[in-house]
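> can you look at this prediction? I've put the sequence above it.
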Amino acid sequence: MVKSDVSTNVVSETLVEPDLKKQEQNQSHKDGSVRHAEKRRTGTCQFADRVAQVSIEKYREVVPVKWRQENQQVCLATIVAHFKTSLRKQTLPDNETVDKVNGEDENETTAIQGPENDLLIVMGLGVGTKFLSEEKILSDAESDIKGSYGKRIRDSHAEVLARRAFRRALTVEIKSLQLSASSRSENNNQDEDGDDSSCRSMDSFGILRQVKKDTEPTTEGEMREPSSCTYALKDGVTLHMYTSSTPCGNSALKKFSKMKREKFDSSIPPDTWPRNPHPCFDAHSLQLGQCSLLVKKNGTKTGPGTENDPGGNETHAIDTSRIEKKQQNWPANLTDDWCPPGTTLPHFGRGSLHSCSDKICRWNCLGLQGSLLSSLLNKPLYMDTLTVGRKFTSCISQRAVCCRANGYCYDGNITETNGNKNDDDENQNFYRLNHPSIMGTGVYLDDTGTLDMSNSKVVGQDVRFLSKLCWVWWSERSSIESNTDKMENAECIDGEEGLLFSYNQMENLAQVPCEDNKMNEYSLISTYALSNSFLGLINEEIPKNY
C-alpha cells in the first residue's frame with residue numbers, strides 16, 4: 001500500500017556495494033564447449049509462434065544488416081495487430097491484393113498470413129536495453145531551455161520503445177482519418193449516417209475507425225450535431241505484444257510460485273490463442289517483495305562498457321515517506337539484494353525509471369494508447385496476448401504484468417453508460433484490469449548464435465547487451481503520400497543520450513549523434529514529438545456537417 005499524506009521521513013545512509021567477487025559463482029567447462037545464445041524451449045501454441053515470427057521478420061527488414069551482424073544478442077519488442085476479418089478480397093490503395101504482402105516484395109509491409117481470414121501486421125517495434133543516467137534525467141527535468149523538455153527518451157528498453165512507436169502509429173492514422181473526413185466533407189461525398197466506407201477502410205491495414213458521437217445538447221436545450229468524433233478499433237482487430245526476453249523487474253523474479261515447463265497445445269488453431277482465465281492470485285509474500293514495484297538501477301554493470309555510471313560506495317537518500325509505517329521494516333524494504341539483476345527499490349534513490357514489468361502492468365490497467373490519445377478514443381486499447389521468448393515462465397509473468405494489480409483498478413462487470421453521463425465518466429468506466437493471455441514461443445531471435453563456454457565462466461554473465469544503440473520503427477501507412485511505407489528503415493537512437501544517432505553502415509564513415517551533426521536531434525517518438533503531434537490532432541478543424 002502507498003501513502004502520500006505522511007510526513008517526510010528521509011534518511012541518509014551509505015549503501016555499500018557488496019563485494020562482487022564474493023557473489024560471483026564460476027563454472028568450469030571443457031575447451032571448445034559452447035551453448036546456444038537462447039536455450040531450447042517450447043512454445044504455447046501456433047499463434048504465439050506466428051506473432052514472434054512476424055516480429056523477427058520486421059526486425060530483420062528495418063534494422064541495418066551490419067548492425068545486426070555485430071549485435072546478435074539483442075532485446076526486441078513489438079506490438080502487432082491481428083486482423084480477423086477477411087482481407088484477401090479487399091484491394092490495397094495501389095490496387096495490389098493482400099496476397100502480395102506476404103514477403104514477395106521487400107518494399108511492402110511484412111505480414112504473416114494464416115487462414116484465409118487472418119493476418120498479422122507489426123504496428124510498432126523497439127530494440128534496446130539502455131536508459132538515461134539519473135544525472136541526465138535530472139538535467140533534462142530542470143532544463144531552462146524553452147521547449148527542450150521531453151526531447152530525450154529516458155527509457156530505451158525495447159518494450160518501452162515499441163509502445164512509443166505504437167502511439168506514433170496511432171497518431172499518424174488518426175491524422176489520416178481526419179484528413180479523409182475533411183476531404184469527404186468538402187466533396188459532399190459522405191453517407192447520411194456519416195460512416196463512409198472509405199473512412200472505415202482508408203487503408204487496408206489501418207486498425208482504427210471513426211465513431212460519430214451522439215447529438216449534443218445546446219444551452220437552449222436543443223440537440224445539435226457533434227463538433228468532433230472519436231476513434232475505436234475496427235471490428236475483428238486485436239492487439240498483441242511480443243518481447244524476445246522476459247521484461248525486466250518482477251517478471252525476472254523467479255520465486256513465490258510453483259513453476260512448470262510450458263507445453264505446446266496443438267489443438268489451438270493458428271488464428272486464435274488460449275483464453276483460459278488466470279488462476280486466483282495469492283499475495284502470500286508481500287513482505288518479501290512478491291508484488292513490489294522496482295526501478296532500473298542506475299550504474300549497474302551488466303557488461304564491459306554498457307553502463308551509465310561506474311557505481312561504487314555512495315551515499316544515497318532513502319525516502320520512506322511513501323511507505324506505510326508497518327511496512328517500513330519488511331525485509332523487502334530494507335535491502336535490494338533480492339531484486340532481479342539491474343533493478344532496485346524506488347526509495348533507495350538509485351533510480352527513477354520503473355521496470356518494464358511495472359510499465360506493462362500499468363498498460364494493462366490504463367491501455368496502450370497513453371493519456372493524451374485516450375481523449376480521442378472511445379475506450380482504452382488493451383493487448384489481448386503477451387508473447388515472451390527467453391526466460392519465460394507463465395505463472396511468474398501473469399503475476400508481474402497484471403495479477404498483482406488486483407484491486408487497484410476497475411476489474412470486470414463494467415457496464416457501458418447510456419449517454420446520460422459526461423465524457424469523463426463514460427471514459428472512466430471503460431478502464432479495467434486487463435488479463436492478457438500469456439504465452440511462450442519456440443521461435444528464436446538468435447537461432448544460430450552460440451557462445452564460447454571454454455574454461456571458467458561467471459554464472460549468468462554469458463549474455464551481454466553491449467551496444468548503446470537502440471532502434472525504433474512504426475507503421476506509417478497512410479493516404480497522405482502514395483499509400484506506401486514512408487519510413488522503411490528504423491530510427492537509430494543513442495540509448496545513453498536519448499537522442500537520434502546518425503548510423504552509417506559503411507565502415508569508414510563516422511558514427512555521430514545527430515545533435516553533433518546539426519540534424520534534427522530528437523526522435524519522433526520522444527515525449528516532445530508525441531505531444532506536439534497530439535496538439536496537431538486536437539487543433540485540426542472538424543467539418544461542421546461531420
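Sure, I can see it. Numbers count the residues shown, from 1 in each chain.
> what are the buried residues along stretch 57-65?
Across stretch 57-65, burial judged by 16 or more other C-beta atoms under 10 Å covers K58, Y59, E61, V62, V63. Where you see a C-beta, it was placed from the backbone N, CA and C, and this is true even at glycine.
> does the fourth one touch A490 like I think?
What it means is V62. Yes - look at V62 against A490 with C-beta atoms under 8 Å: they come within range, at 4.4 Å.
> and L177, how far from E159?
27 Å (C-beta to C-beta, to the nearest Å).
> give me the more crowded residue out of these two.
Counted by other C-beta atoms under 10 Å, L177 and E159 do not tie: E159 has more neighbours, with 28 against 23.
> next up, the contacts around that one.
A77, G126, M241, T243, P247, C356, K359, I360 (C-beta atoms under 8 Å, 6 or more residues apart in numbering).
> all helices of the stretch 51-200 of the chain, in order?
Secondary structure of the stretch 51-200 of the chain by DSSP state H, counting those that start in this stretch: the helices cover 65-70, 134-141, 158-186, 197-200.
> which one of the ones you listed is the most hemmed in?
Highest mean neighbour count among these (mean count of other C-beta atoms under 10 Å): helix 158-186, with a mean of 23.
> just to revisit the earlier point, can you tell me which of the contacts of E159 are in helices?
Applying DSSP state H to the contacts of E159, the entries found in helices are C356, K359, I360.
> any idea how far the first one is from S183?
C356 sits 41 Å away from S183, taking C-beta to C-beta as the criterion.
> equivalent analysis for the second one, please.
Applying C-beta to C-beta, the value for K359 to S183 is 38 Å.
> same check on I137?
For I137 relative to S183 (C-beta to C-beta), the value is 43 Å.
> do L381 as well
26 Å.
> can you give me phi and psi for the closest residue to C339 other than its chain neighbours?
Leaving aside its sequence neighbours, C339 sits nearest to L294 (C-beta to C-beta, 6 or more residues apart in numbering; 5.9 Å). Dihedral pair for L294: phi -130, psi 160, per degrees, to the nearest 10.
> isn't L294 right up against C356?
No - in terms of C-beta under 8 Å, L294 does not count as a neighbour of C356; the distance is 9.9 Å.
> ok, these two, which is more surrounded?
Comparing L294 with C356 by other C-beta under 10 Å, the one with more neighbours is C356, at 30 against 26.
> count of residues packed around the closest residue to H347 other than its chain neighbours?
In space, and not counting its chain neighbours, H347 is closest to D319: 4.9 Å by C-beta to C-beta, 6+ apart. Neighbours of D319 under the rule other C-beta under 10 Å: 15.
> ok, now D282?
11.
> how near is it to V65?
Taking C-beta to C-beta, one finds D282 at 48 Å from V65.
> and for L500?
Remark: distance between L500 and V65 (C-beta to C-beta) = 20 Å.
> just I79 next, same as before
Distance of I79 to V65, given as C-beta to C-beta: 24 Å.
> cool, I360 as well?
I360 is 30 Å from V65, by C-beta to C-beta.
> which element is F392 on?
Following DSSP states H and E, one finds F392 outside all helices and strands.
> give me the pLDDT for the residue lying closest to it once chain neighbours are set aside.
Closest residue to F392 apart from its sequence neighbours, by C-beta to C-beta, 6+ apart: G440 at 4.2 Å. Looking at G440, its pLDDT is 95.
> G440 bridge partners, please.
Under DSSP bridges, the beta-bridge partners of G440 are V388.
> list the contacts for it?
Here G440 is in contact with R41, T42, G43, T44, A48, E262, T387, V388, G389, F392, S394 (criterion: C-beta under 8 Å, 6+ apart).
> now it: how far from G126?
20 Å.
> same deal with C291?
26 Å.
> and L530, by the same measure?
Taking C-beta to C-beta, one finds L530 at 14 Å from G126.
> comparing these two, which residue is more hemmed in?
In this view L530 and G126 are compared by other C-beta under 10 Å, and G126 has more residues nearby, 30 against 21.
> for that one, which non-adjacent residue is closest in space?
L161 (2.6 Å).
> what residues are up against the one you found?
Here L161 is in contact with A77, L125, G126, V127, G128, I153, C470, W471, V472, I493, I525 (C-beta under 8 Å, 6+ apart).
> pick out whichever of these sits closest to K325.
Set against K325, the nearest of those by C-beta to C-beta is I153 (37.3 Å).
> residues touching M259, list them.
T393, C395, I396.
> hang on, the earlier thing: a markdown table please, covering the contacts of E159 and showing pLDDT.
Supplementary listing: the contacts of E159 in a markdown table, determined by pLDDT from 0 to 100:
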| residue | pLDDT |
| --- | --- |
| A77 | 97 |
| G126 | 97 |
| M241 | 98 |
| T243 | 97 |
| P247 | 96 |
| C356 | 97 |
| K359 | 97 |
| I360 | 97 |
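> okay, the residues you listed in TSV with distance to P346 next?
Putting the contacts of E159 into TSV (distance: C-beta to C-beta, whole Å) gives the following:
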residue	distance to P346
A77	23
G126	24
M241	24
T243	23
P247	17
C356	15
K359	13
I360	17
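> of those residues, closest to A52?
T243 (9.6 Å).
> now that closest one: how far from N276?
According to C-beta to C-beta, T243 stands 21 Å off from N276.
> among those two, which residue is more densely surrounded?
T243 (27 against 6).
> isn't that one up against V80?
No - using C-beta under 8 Å, T243 makes no contact with V80, being 11.5 Å away.
> returning to that earlier point: scan the contacts of M259 and report the most crowded one.
Busiest of these [other C-beta under 10 Å] is I396, holding 23 neighbours.
> list the contacts of the helix or strand encompassing it.
Assigned by DSSP H and E, I396 falls within helix 394-401. Outside helix 394-401, the residues that touch it by C-beta under 8 Å, 6+ apart are 44, 246-247, 249-251, 253-254, 256-260, 262, 278-279, 281, 290-291, 357, 360-361, 364, 386, 388, 435-436, 438, 440.
> list only buried entries from these.
So, by 16+ other C-beta under 10 Å, the buried ones in the contacts of helix 394-401 are 44, 246-247, 249-251, 253, 256-257, 262, 278, 281, 290-291, 357, 360-361, 364, 386, 388, 435-436, 438, 440.
> for the closest residue to P270 other than its chain neighbours, what are its contacts?
Excluding the flanking residues, the one nearest P270 by C-beta to C-beta, 6+ apart is Q46, at 4.0 Å. Contacts for Q46 (C-beta under 8 Å, 6+ apart) come out as S266, I268, P269, P270.
> from these, which ones fall inside helices?
Per DSSP H, helices hold no members of the contacts of Q46.
> tell me the buried residues within those residues.
Buried by 16+ other C-beta under 10 Å: I268, out of the contacts of Q46.
> could the contacts of Q46 go into JSON lines alongside distance to A165 and pLDDT?
Output for the contacts of Q46, formatted as JSON lines (distance: C-beta to C-beta, whole Å; pLDDT from 0 to 100):
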{"residue": "S266", "distance to A165": "33", "pLDDT": "93"}
{"residue": "I268", "distance to A165": "29", "pLDDT": "94"}
{"residue": "P269", "distance to A165": "29", "pLDDT": "93"}
{"residue": "P270", "distance to A165": "26", "pLDDT": "94"}
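> any idea which of the contacts of Q46 is closest to K326?
The closest of the contacts of Q46, once distances to K326 are taken by C-beta to C-beta, is I268, at 45.5 Å.
> excluding chain neighbours, give the residue nearest to N276 in space.
Spatial nearest neighbour of N276, chain neighbours left out: S437 (7.6 Å); criterion: C-beta to C-beta, 6+ apart.
> ok, that neighbour touching M383?
No - at 9.2 Å, S437 does not count as touching M383 under the criterion of C-beta under 8 Å.
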